[in-house]
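In: predicted model and sequence below, questions to follow.
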There are 2 protein chains.
Amino acid sequence: MGSPVSIRDVATRAKVSVGTVSNVLNRPEVVAPATRDRVMGAIEELGFVRNDAARQLRSGTPRAIGLVVLDVGNPFFTDVARGVEDTASEAGHAVILCNSDGSTQRESRHVELLAEQRVHGVLITPVDTDLAAVRRLRERGMSVVLLDHPTADPGLCAVAVDDRAGGEQAVTHLLAEGYERIVMVNGPSHVHQARQRHEGAVDAVRKSGRDAGVLEELKVPALNVVSGQRAAEQLLARSVRPDAVFCANDLLALGLLQVLVRAGVRVPEDIAIVGYDDIDFAAAAAVPLTSVRQPRQLIGRTAAELVIAETMTPGEHEHQHVLFAPELVVRESSRRVQRNRRRPR
Amino acid sequence: MGSPVSIRDVATRAKVSVGTVSNVLNRPEVVAPATRDRVMGAIEELGFVRNDAARQLRSGTPRAIGLVVLDVGNPFFTDVARGVEDTASEAGHAVILCNSDGSTQRESRHVELLAEQRVHGVLITPVDTDLAAVRRLRERGMSVVLLDHPTADPGLCAVAVDDRAGGEQAVTHLLAEGYERIVMVNGPSHVHQARQRHEGAVDAVRKSGRDAGVLEELKVPALNVVSGQRAAEQLLARSVRPDAVFCANDLLALGLLQVLVRAGVRVPEDIAIVGYDDIDFAAAAAVPLTSVRQPRQLIGRTAAELVIAETMTPGEHEHQHVLFAPELVVRESSRRVQRNRRRPR
DNA sequence: GATCGGGGGTGAAACGATTTAACGCAGGCC
DNA sequence: GGCCTGCGTTAAATCGTTTCACCCCCGATC
């Protein structure tokens, strides 16, 4: 039933030694065409499939890489995963997907599993900034690429996007459009992306020469739709509402947008909105959302390439910290439109 | 440094034989507490990690399952994947994620890879209805569970949702709410889900005793947001517009909703909308979307359980075809409301 | 004509775990 | 005392590849 046909069976069938079969598989050029064909024929007839476990055991070179993400449900990570999967599969590698769901416990279980699988390397968005999991991986001798997480550690690669620049772009844009009472709806500050984006926003205000008071930070517990909705309710309850809101990610922005629109607030006439991530749904919102785009798939591809390269040339590999630039995509949710007949400015 | 510490190193360190170390690892109860502690200590000190390749080679039982999906970007599959990952990781299995992206070529490459990895089993949403890839897998002796794909083949497990019932629920609901010019925006008929959902819709009309003319099918090339937007434009151009639209999935519905809302059409007063899948964004839309919910995560969990069970008890396993019932989630986009309801604009 | 060289193969030794038969030993039974 | 039993441990076989040292044969070279 199983696949009980081994390289040895192929060998006897083709009347050659196992070594020759192995050569046909791995270095076809060294074996005479006639025997090569004979072996290939035998492989075909017997339906032989290499056993990767045995291969890996002997050769020591694994053919899989691990990917540990914070939340498979988040379109951001999904797109990153797609990029990883693409290049890995081009290189003939399998991708082992792990979802830490923000839990260090799950994360460490997954890391353990990956270590046992002796994967080529691990791409990980760590749950904690202390990088305990990452350290464990490196102790076990596997190369690690940090995804979307900053580090000063020169001992590992990292691929991220300049969140500070993104925050700055977003707020600079809002200021340029003439908005002057900006609220940034932000995640908890232990999330480094949230911190960075806020710092960028503050930078933008400073560079514009305005008073720091034009920007206010409203913290919410999580970067999801529900938090966005809650934030909107809070803002609606205020006597003085902001004229623009910058959300730390698109999920927040979508939640916010929904509640505002349903409360009769006009976007962007009454309140402008800018999101972050530019997930596909941002463009499909009731009011197409201005957002800061991150090259998600590229992040994944780059990270996969790095980890594959590192294990191809061990020793001489130079760890890199790649930082992509975000790009502001302006859509209707933040365009200054005529309030009455003329542009207020 | 690699992880050059093997079970043998542990053995010498703990002054026992390798067999004993193996016993500590796999059947701790048969070894005397004293030696057990000694061995555990050695493992700890040396930082030993089992080599799964060697394990699998000898024992023949792999610790990974394969998951082949049509599109990692689609929230539907993402949620299924989460379910799979959850139960797999509980059972100590790794999940190898493969994205066929609707291409048979990619699919077969992935299948080949999974075969070489000797995975426990494969959960797959096949690209083609001819199931060539599936056949190849089974020839290689691995168990297969079809995800969201119907089959009469008693030789394999399948987990799906009753699409016909879902289509029927959606349209029955619309009819009950009093809508009488319904358009179903549907995908190409070679997509079996599209076909089934439409059949269900037709059933609903028939059972209600109405004229078949109350339901019209409008086909679009793909089940995505852009197609939904196109469909909306077509409907807007008509002299006689429908009073309700049933979309074959939520992506279509979101695209449609966006264009309608922006054209000043009131939802549901002028046109009601029902989607399918109940992805998280459905509830967060400008007008919360009525949708047919599929137990996505449960699908994943169930499929993973089946494939694990099958390889636990080979031979006596009974292949199952699990069919879940969808559930209509009614939200504002399809509720019959008084026309004079306050609607700020 | 002996030597060299090299293409084409062979065969056995790893790789690192699991598994199993065998073994030593202590105690209990006859 | 001989014998069986059970327990804890050991040593060796095994899984399917890859790799590497070596062999054989034949034509070219000096």
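Out: Thanks, I have the structure now.

In: who are the packing partners of the one helix or strand A:Ser291 maps to?
Out: If you go by DSSP states H and E, A:Ser291 is part of strand A:290-293. Judged by 3 or more Cβ pairs under 8 Å, 6 or more residues apart in numbering or on different chains; DSSP states H and E, strand A:290-293 is in contact with helix A:163-176, strand A:272-277, strand A:327-329. C-beta coordinates here come from the backbone N, C-alpha and C atoms, glycine included.

In: what's the following helix or strand after the longest one?
Out: This points to helix A:163-176. strand A:182-186.

In: now that next one against strand A:272-277, angle please.
Out: Counting by axes from the mean of the first three to the mean of the last three Cα atoms, to 10 degrees, strand A:182-186 points 30 degrees away from the direction of strand A:272-277.

In: any idea of the mean pLDDT for strand A:182-186?
Out: For strand A:182-186, mean pLDDT is 97.

In: residues in contact with it?
Out: A:171, A:174-175, A:194, A:197-198, A:201, A:214-220, A:227-228, A:231, A:235, A:242-248, A:252, A:256 (Cβ atoms under 8 Å, 6 or more residues apart in numbering or on different chains).

In: name every strand pairing with that strand and say which way it goes.
Out: strand A:215-219 (parallel), strand A:244-247 (parallel) (DSSP bridges).

In: that one to helix A:163-176, inter-axis angle?
Out: Going by the same axes, to 10 degrees, strand A:182-186 makes 150 degrees with helix A:163-176.

In: now the end-to-end length of stretch A:272-289.
Out: Stretch A:272-289 stretches 9 Å from its first residue to its last (Cα to Cα, to the nearest Å).

In: quick one: it near chain B?
Out: Yes. Applying Cβ under 8 Å from any Cβ of the partner chain, one finds that stretch A:272-289 is in contact with chain B at A:280-281, A:283-288.

In: ok, back up a step: need the strands paired with strand A:182-186 in JSON lines (columns: mean pLDDT, mean neighbour count and distance to A:Ser100).
Out: Formatted as JSON lines, the strands paired with strand A:182-186 follow (pLDDT from 0 to 100; neighbours: other Cβ atoms under 10 Å in any protein chain shown; distance: least, Cβ to Cβ, whole Å):
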{"stretch": "strand A:215-219", "mean pLDDT": "97", "mean neighbour count": "16", "distance to A:Ser100": "23"}
{"stretch": "strand A:244-247", "mean pLDDT": "98", "mean neighbour count": "31", "distance to A:Ser100": "24"}
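
In: residue numbers of chain A in contact with DNA strand C?
Out: Contact residues (Cβ under 7 Å from any atom of the strand) of chain A with DNA strand C: A:15-20, A:23, A:30-32, A:34-36, A:54, A:57-58, A:60.

In: return the subset of those lying in helices.
Out: A:18-20, A:23, A:34-36, A:54, A:57-58 (DSSP state H).

In: hey, which helix or strand in chain A has the poorest pLDDT?
Out: Least confident helix or strand, chain A: helix A:132-139 with a mean of 84, by mean pLDDT, DSSP states H and E.

In: near chain B, which residues of the stretch 151-300 of chain A?
Out: When proximity is defined by Cβ under 8 Å from any Cβ, the stretch 151-300 of chain A lies next to chain B at A:225, A:229, A:254-255, A:257-258, A:261-262, A:264, A:280-281, A:283-288.

In: of the residues you listed, buried ones?
Out: A:225, A:229, A:254-255, A:257-258, A:261-262, A:280-281, A:283-288 (16 or more other Cβ atoms under 10 Å in any protein chain shown).

In: and these, which is closest to B:Ala133?
Out: When these are ranked by distance to B:Ala133 (Cβ to Cβ), A:Asp280 comes first, at 27.8 Å.

In: doesn't A:Glu107 fall inside a helix?
Out: Yes. Counting by DSSP: H, G, I helix; E, B strand; the rest coil, A:Glu107 falls inside a helix.
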